[in-house]
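sequence-free structure coming up:
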């Protein structure tokens, strides 16, 4: 296990500016008039932050980073026409809100001008993107179109002759790749819940009734994006992740990406991709530069324009007035090819609980966010209220006091571990004892607590063996775990046997030990409340995915 108190790294760059190797002339922002929420899908389906500090004394290292293409160049906010006070206001507003941010990176004129990670989240960790994965699947489709492997007007049935239902309806026969891209399949409800219950997701998708003519009605449908992934794999012979790696990820200097798969080994497409925060920023910058990167046209400029321009209008919902919603809702500005239009002539890819890449062509800016929020619109409202007004057309005079305050705020970003009591007399009495658990849905047979050196090693046993997770006492302790049923998440797909976790425990009272497990490569955490009563224990789990819904309580007896 590793303690979370790592040496500080860069966050804010004051005074040094470096142009990246062969920095492209900024492509002119598209000035065309471009402009249903995923809520149906959602229903279905301390301290010691790493990566905080300054790099003022290492200009040569920063120049090398910019030149290698591995990292975006860094700069002071005012040098790129952004007021440090506006960024500080954004961070202070987050602090006062109900939003739990894990990271953000703000890019202006191709330079990172502010970045931060809330401990125990760190720069190098991948973050589960949920539906932000869709924009990467769309990019794979665009690359395949550019290589002549398919067209957006192609009929979906043409790719899967062996998986078609006995009777192909007129609407199914008419379904195009374009209709998958624009979430206008014609289903009455999101297909995700149905396909993920089966072994052959393609066959199940094609068997579902299409009640509306394809291309006529928007319905957020993650199964449609899975089908795009399946089509790319069909025409290229490679999973979307493998197809994108040499064409997108490697040119952007990204490595170590993961993407969940269906039972047949097809990337889930509509969810399941994991990337670090800077990967999201680079992806947005690539689209801001109309698909060009370090002198190469990585994604066809024509696809960038096509994929991010208005295609179909989301409905307002029962009893709602669309025109009344548009001034305040970023979910009613129009949908593109797996991208959303935003207010202020921006566009974005986004994922459940607040994973964002927001591209602002008019401001020549990109914002990447990872978070766990109950209100994604509220997060964007903070962007428009604080960051957008901070951007000016030209460079600003250096604001040394403002930069110092911003530096201090960035250096202190953290999600502190819960604290009540650091110790209990009961700890020594139960330490090392095994509690046999009653039969339960998790399949866990026993649980053991070992308290020593301001840590608690929690061990459970099931039919596959022992699974351990070590907590700091009122401090985050980082490590990995194979704990069954973890990490909590919304979607189906394989994440692998081991999960990164930062865990901390505190005594709520003398008989109640509470552990918080933050799965730092996902948006989520689990809270485990352990109540001891003589030789008995009751284990109560609450996931941040289900929020207030408690899971079954596990009852156990010592011995």
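It's in. All of these numbers come straight from a predicted model, not from anything done at the bench.

look up phi and psi at the closest residue to residue 179 other than its chain neighbours.
Leaving aside its chain neighbours, residue 179 sits nearest to residue 214 (4.1 Å; criterion: C-beta to C-beta, 6 or more residues apart in numbering). To be clear about C-beta, it is placed using only N, CA and C from the backbone, and glycine gets the same treatment. When read as degrees, to the nearest 10, the backbone of residue 214 gives phi -50, psi 140.

how close does residue 214 sit to residue 476?
According to C-beta to C-beta, to the nearest Å, residue 214 and residue 476 sit 49 Å apart.

between the two, which one's more packed in?
residue 476 (27 against 23; other C-beta atoms under 10 Å).

next, count neighbours for residue 557.
Quick note: residue 557 (other C-beta under 10 Å) scores 13 neighbours.

quick one: contacts for residue 484?
442, 443, 444, 460, 462, 464, 467 (C-beta atoms under 8 Å, 6 or more residues apart in numbering).

what's the first helix or strand after the helix or strand containing residue 457?
Under the criterion of DSSP states H and E, residue 457 resides in strand 455-462. Of the helices and strands lying after strand 455-462 in sequence (DSSP H and E), the nearest is strand 465-473.

how far off centre is that following strand?
26 Å (C-alpha atoms, centre = their mean, to the nearest Å).

so the protein: which segments form each domain?
Domain assignment for the chain, taken from automatic domain parsing, gives 2-35+46-125+276-411, 127-270, 426-558.

chain center to the first one, what's the gap?
Centre-to-centre, domain 2-35+46-125+276-411 and its host chain are 14 Å apart (C-alpha atoms, centre = their mean).

re the thing from before, now do the residue nearest to residue 179 against residue 186, distance only.
5 Å.

overlap of the contact sets of the two?
171, 175, 179.

tell me which of the residues you listed fall in helices.
171, 179 (DSSP state H).

any idea of the pLDDT on residue 485?
We have a pLDDT of 84 for residue 485.

show me what contacts it?
Neighbours of residue 485 in contact, by C-beta under 8 Å, 6+ apart: residue 442.

check which helix or strand it maps to.
Residue 485 belongs to no helix or strand, assigned by DSSP H and E.

who touches residue 524 in this structure?
353, 372, 487, 488, 489, 543, 544, 545.

looking at the second one now. What's its pLDDT?
For residue 372, the pLDDT comes out at 97.

spatially nearest residue to it (excluding sequence neighbours)?
residue 523 (4.0 Å).

number of nearby residues for that neighbour?
Neighbour tally, residue 523, other C-beta under 10 Å: 29.

what about it, distance to residue 155?
Taking C-beta to C-beta, one finds residue 523 at 37 Å from residue 155.

swap in residue 85?
54 Å.

quick one, which of these two is more surrounded?
The neighbour count for residue 85 versus residue 155, taken as other C-beta under 10 Å, is higher for residue 85 (18 against 14).

show me what contacts that one?
390, 399, 402, 406.

list buried residues within the residues you listed.
390, 399, 402, 406 (16 or more other C-beta atoms under 10 Å).

which of the residues you listed sits closest to residue 534?
residue 406 (53.3 Å; C-beta to C-beta).

residues in contact with the closest one?
12, 77, 84, 85, 87, 88, 91, 114 are the contacts of residue 406 under C-beta under 8 Å, 6+ apart.

how about those in TSV, adding distance to residue 347, pLDDT and secondary structure?
Below are those laid out as TSV (distance: C-beta to C-beta, whole Å; pLDDT from 0 to 100; DSSP: H, G, I helix; E, B strand; the rest coil):
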residue	distance to residue 347	pLDDT	secondary structure
12	27	40	strand
77	23	98	coil
84	26	98	helix
85	27	97	helix
87	22	98	helix
88	26	98	helix
91	24	98	helix
114	22	98	strand
